[in-house]
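J.: sequence first, then the predicted structure:
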Amino acid sequence: DQQVKQNSPSLSVQEGRISILNCDYTNSMFDYFLWYKKYPAEGPTFLISISSIKDKNEDGRFTVFLNKSAKHLSLHIVPSQPGDSAVYFCAASGYSSNTGKLIFGQGTTLQVKP
Amino acid sequence: ETGVTQSPTHLIKTRGQQVTLRCSSQSGHNTVSWYQQALGQGPQFIFQYYREEENGRGNFPPRFSGLQFPNYSSELNVNALELDDSALYLCASSLQGSANEKLFFGSGTQLSVL
């Protein structure tokens, strides 16, 4: 039972263009969402998050949008840079749950071409 | 400030054997969570340790067990290894009660079961 789904295994974009990574969830009890980035041979690193009381959160080139009615969130990277090439994981949790218990999607491999 | 360190980085075992993986948490963190990442999948929550006791568990059988020590470091033990246990095992540390963003991952231990 995959509660968090990233249906696109890979995405390729040109440097300078927008990258859009998508994530769907099924559990309406999730109320906090995070995006992690993972390079080969490294652990995932936190990128950006959003609470369910918001529909948008922005941090520099990264923006996360949340559509609660559709149980869908997306990560926008503008402009994309070659250093953004990595695996991106969407993760969800209940805000009242303890830190560390996250439900991850399968990941999307982003390739940004120079 | 030292980050999360895991040992060993790679390990090869045969089916039926037992394995112990180790994790040193980041300075100032008192909670350790373990995740299993199978090839092509996202990390899956195994369990969390806080105050040397298990503090939540995912959908993993009892042959997956853990320990947390007074210095907050942790071990993951897997008995009766199966081929499907081949995966990257990630340790993440945090401070209990802190925001989800404050979860830091190690680089993982790649376990191969033959």
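T.: All right, it came through fine. Just so it is clear, the structure is predicted and the values come from calculations on it, not from any experiment. Residues are numbered from 1 along each chain as shown, chains lettered A, B, ... in the order given.

J.: so how far is residue B:85 from the residue nearest to residue A:22 when sequence neighbours are not counted?
T.: Residue nearest to residue A:22 in three dimensions, not counting chain neighbours: residue A:74, with 5.0 Å by C-beta to C-beta, 6 or more residues apart in numbering or on different chains. Quick note: C-beta positions are derived from backbone N, CA and C, even for glycine. When C-beta to C-beta, to the nearest Å is applied, the distance between residue A:74 and residue B:85 equals 34 Å.

J.: residue A:114 too?
T.: When C-beta to C-beta is the yardstick, residue A:114 and residue B:85 sit 39 Å from each other.

J.: comparing these two, which residue is more hemmed in?
T.: When neighbours are counted by other C-beta atoms under 10 Å in any protein chain shown, residue A:114 and residue B:85 differ, and residue B:85 comes out ahead with 19 against 7.

J.: hang on, the more buried one packs against residue B:109?
T.: No - applying C-beta atoms under 8 Å, one finds residue B:85 not in contact with residue B:109, separated by 11.7 Å.

J.: the spatially most central residue of chain B sits in which helix or strand?
T.: Most central in chain B under C-alpha atoms, centre = their mean is residue B:34, positioned 3.1 Å from the mean C-alpha point. Following DSSP states H and E, the helix or strand that holds residue B:34 is strand B:31-37.

J.: report whether the following helix or strand past that strand contacts chain A.
T.: Counting by DSSP H and E, the element after strand B:31-37 in chain order, helix or strand, is strand B:44-50. Yes - applying C-beta under 8 Å from any C-beta of the partner chain, one finds strand B:44-50 in contact with chain A at B:44-45, B:48, B:50.

J.: returning to that earlier point: give me phi/psi at the residue nearest to residue A:22?
T.: Dihedral angles of residue A:74 (phi, psi; degrees, to the nearest 10) stand at phi -140, psi 150.

J.: compare the residues of strand B:44-50 next to chain A and tell me which is most surrounded.
T.: Ranked by the number of neighbours (other C-beta under 10 Å), the residues of strand B:44-50 next to chain A place residue B:48 first, at 26 neighbours.

J.: may I have the beta-bridge partners of it?
T.: According to DSSP bridges, residue B:33 are recorded as the beta-bridge partners of residue B:48.

J.: quick check, the residue nearest to the centre of chain B in contact with residue B:75.
T.: No - taking contact to mean C-beta under 8 Å, the distance of 9.4 Å between residue B:34 and residue B:75 leaves them out of contact.

J.: what sits in contact with each of these two?
T.: Overlap of the contact sets of residue B:34 and residue B:75 (by C-beta atoms under 8 Å, 6 or more residues apart in numbering or on different chains) consists of B:23, B:66.

J.: residues in contact with residue B:53?
T.: With C-beta under 8 Å, 6+ apart, residue B:53 has these contacts: residue B:68.

J.: state the distance from it to chain A.
T.: Between residue B:53 and chain A the computed distance is 12 Å (C-beta to the nearest C-beta, to the nearest Å).

J.: tell me the phi and psi of that residue?
T.: For residue B:53, the backbone dihedrals (degrees, to the nearest 10) come out as phi -130, psi 150.

J.: how about residue B:83?
T.: Its backbone dihedrals place residue B:83 at phi -60, psi -40, with angles given as degrees, to the nearest 10.
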